[in-house]
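Undergrad: the sequence isn't on hand, but the structure is:
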């Protein structure tokens with residue numbers, strides 16, 4: 001039974017590997033962009049702390065805590081996505097990951 005040219009099949013496999021890595025990188029990039037937006041929001045929020053009255057401090061603290069928890073969760077998600085990308089790269093034979101850390105840095 002003839003299933004086609006081996007070169008064509010190999011080319012399709014390589015293309016799928018590249019597309020899969022691209023999708024994984026895209027998911028990571030999207031998470032990092034959301035994280036960056038949230039980080040800016042947190043900075044703006046903290047900057048406005050001086051504008052709150054004493055009776056608003058409790059509400060301000062609760063809102064800051066909510067935003068901080070969201071930031072930590074999103075950072076952990078981005079960290080997991082970056083780890084998954086590294087694992088996927090290793091699965092296709094890419095063993096050096098300095099470029100991943102450089103292209104997709106995690107904020108503090």
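TA: Here it is on my side, so go on. Bear in mind the structure is a predicted one, so any value in this text is a computation, not a measurement. Numbering: from 1, shown residues only.
Undergrad: in the protein, which spans are strands?
TA: Taking DSSP state E as the criterion, the chain contains no strands.
Undergrad: who does the helix with the most length in the chain touch, helix- and strand-wise?
TA: Using DSSP state H, we find that the single longest helix of the chain is helix 6-47. Here helix 6-47 touches helix 57-91, going by 3 or more C-beta pairs under 8 Å, 6 or more residues apart in numbering; DSSP states H and E. Every C-beta, even on glycine, is put in place using the N, C-alpha and C of the backbone.
Undergrad: what does stretch 37-44 rub up against?
TA: 64, 67-68, 70-71, 74, 107 (C-beta atoms under 8 Å, 6 or more residues apart in numbering).
Undergrad: go with 7 Å
TA: 67, 70-71, 74, 107 (C-beta atoms under 7 Å, 6 or more residues apart in numbering).
Undergrad: residues of it that come out buried?
TA: Across stretch 37-44, burial judged by 16 or more other C-beta atoms under 10 Å covers 38-39.
Undergrad: on that earlier part again, check the offset of the longest helix of the chain from the chain's centre.
TA: Relative to its chain's centre, helix 6-47 lies at 7 Å (C-alpha atoms, centre = their mean, to the nearest Å).
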